[in-house]
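In: Below: sequence and its predicted model.
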Amino acid sequence: MTAPKCVLVGMMGAGKTTVGRLVAERLGAPFRDVDAEIEAAAGKPISEIFIDEGEEHFRALERQAVADALDGFDGVVAVGGGAILSDETRKRLAYHRVVYLSVELADALKRVGLGAGRPMLAMNPRATLKYLLDQRRPLYEEVATLVVRTDGRAPDEVAAEVTAALSA
Ligand SMILES: Nc1ncnc2c1ncn2[C@@H]1O[C@H](COP(=O)(O)OP(=O)(O)O)[C@@H](O)[C@H]1O
Ligand SMILES: O=C(O)C1=C[C@@H](OP(=O)(O)O)[C@@H](O)[C@H](O)C1
Ligand SMILES: [Mg+2]
């Protein structure tokens, strides 16, 4: 059965989109970013989906988009930071190789700045990111088959570690 080489999970700013693309390049495999697919299907950015239809609607689109991305695809998949909030998605991920890119508050904040394009951080990015990190950390750990720390490390270095672990 065809399955993704790996699925990247972790907080906003962990580098899932950036590192996922690099891992795919290193493996010579295709890459899918679930957020990009949701935006392409909706014909608008995620921030507009939040404004027009709300977070709950976005989460429903995300559940379906993750299921679609995992089905019959043999490349690298990056999901959005909140995808693991869904019980259904966590159950689905239990059948896959899941890499948790961990990041602590300081580096995540440096990377996302004021949260442009990330509606979850539209107000008070520092407090929100801290709250979400505390809330989600156990869920990332629950679905992970591998944890790779990203604090103070360049994307290429993180991608090299992920690729080496996948090939081991
Ligand atoms: N390891 C890293 N070190 C420094 N900056 C990074 C790192 N990984 C990603 N970035 C930068 O942080 C921002 C968010 O990265 P992104 O890949 O979109 O994260 P995610 O998809 O996990 O939210 C981007 O500007 C990216 O270039
Ligand atoms: O953590 C979240 O709830 C979200 C993370 C975003 O993806 P990234 O983690 O790739 O930034 C995106 O799916 C949306 O803005 C919501
Ligand atoms: Mg991303």
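Out: Everything's here; your move. Numbers count the residues shown, from 1 in each chain. Ligands and ions are numbered 1, 2, ... in the order given.
In: Tell me if I'm right that A78 and E37 touch.
Out: No: here A78 does not reach E37: they are 10.3 Å apart, not a contact under C-beta atoms under 8 Å. From N, CA and C alone the C-beta is placed, and that goes for glycine too.
In: Show me which helix runs longest in the protein.
Out: helix 125-143 (DSSP state H).
In: that older thread, and A78 and E37? which has more neighbours close in?
Out: A78 (29 against 17; other C-beta atoms under 10 Å).
In: since we're on the residue of the chain found nearest ligand 1, how many residues are nearby?
Out: Per C-beta to the nearest ligand atom, G15 is where the chain lies closest to ligand 1, at 2.7 Å. Look at G15: counted by other C-beta under 10 Å, it has 25 neighbours.
In: Verify the stated contact: it with T150.
Out: Yes: between G15 and T150 a contact is recorded at 5.5 Å, counting by C-beta under 8 Å.
In: For these two, list the residues in contact with both.
Out: L101, V103, V158 (C-beta atoms under 8 Å, 6 or more residues apart in numbering).
In: Next to ligand 1, which bits of the protein? Give me the list.
Out: Proximity of the chain to ligand 1 (C-beta under 6 Å from any ligand atom) is limited to residues 10, 12-18, 111, 150, 153-155, 158.
In: which among those gets closest to I46?
Out: Closest to I46 out of the residues of the chain next to ligand 1 is M12 (11.2 Å), distances taken as C-beta to C-beta.
In: Next, work out how far apart the nearest residue to that closest one once chain neighbours are set aside and ligand 3 are.
Out: Nearest residue to M12, sequence neighbours excluded (C-beta to C-beta, 6 or more residues apart in numbering): G81, at 4.4 Å. Distance of G81 to ligand 3, given as C-beta to the ion, to the nearest Å: 7 Å.
In: Settle this for me: G81 is touching G10, isn't it.
Out: Yes: G81 is within contact range of G10, at 6.6 Å (criterion: C-beta under 8 Å).
In: quick one: which of the two has more around it?
Out: Between G81 and G10, G10 has the larger neighbour count (other C-beta under 10 Å), namely 27 against 24.
In: which ones are touching that one?
Out: G10 touches K16, G81, Y100, L101, S102, V103, Y140, T150, counting by C-beta under 8 Å, 6+ apart.
In: Please consider this matter closed, and thank you.
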